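J.: give me a model of this one.
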Amino acid sequence: MKFPKNKPLKSQKLRDSARGENCTMNSPECNSNPETVVLCHSNKLKHGKGTGLKADDRHAFYGCSGCHHWFDVGTADKHKKQRYYDVAVIHTHIRMRQKGLGVILDG
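T.: Have a look, this model is predicted:
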């Protein structure tokens with residue numbers, strides 16, 4: 001029996017909120033350039049990722065191009081990446097709430 005996939009939350013407000021922000025991941029490859037920061041999504045299926053689908057926008061962090069690349073294709077072990085991801089998401093959610101986007105995150 002196949003179960004329907006839940007459609008991940010997509011919010012242009014959350015994605016746009018990354019523009020000009022500081023990177024929250026600060027990985028070994030961080031370039032600290034706010035001009036390259038975007039909303040970077042989790043790589044986990046349980047967060048809504050699938051073939052051709054990004055994870056739910058609530059499972060994302062503000063990441064510079066260096067951290068985004070390190071997280072997606074870097075050679076660090078998955079446990080190290082998970083630790084950096086967990087901290088980055090917490091800091092990103094704090095910044096989003098400071099911007100008044102907390103209602104979206106609570107949904």
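
J.: quick one, helices of this protein?
T.: Counting by DSSP state H, the chain has helices at residues 12-16, 65-73, 78-98, 102-106.

J.: lowest average pLDDT across those?
T.: When the helices of the chain are ranked by mean pLDDT, helix 102-106 comes last with a mean of 54.

J.: tell me which of the helices of the chain sits nearest to Thr36.
T.: Closest to Thr36 of those is helix 65-73 (Cβ to Cβ; 3.9 Å). For glycine as for every other residue, the C-beta is placed from the backbone atoms N, C-alpha and C.

J.: and the closest one, which residues are buried?
T.: Ser65, Gly66, Cys67, His68, Trp70, Phe71 (16 or more other Cβ atoms under 10 Å).

J.: any idea which of those residues is closest to Ser42?
T.: Phe71 (9.2 Å).

J.: before we move on, back to that, and the helices of the chain, which is most packed in?
T.: helix 65-73 (a mean of 19; mean count of other Cβ atoms under 10 Å).
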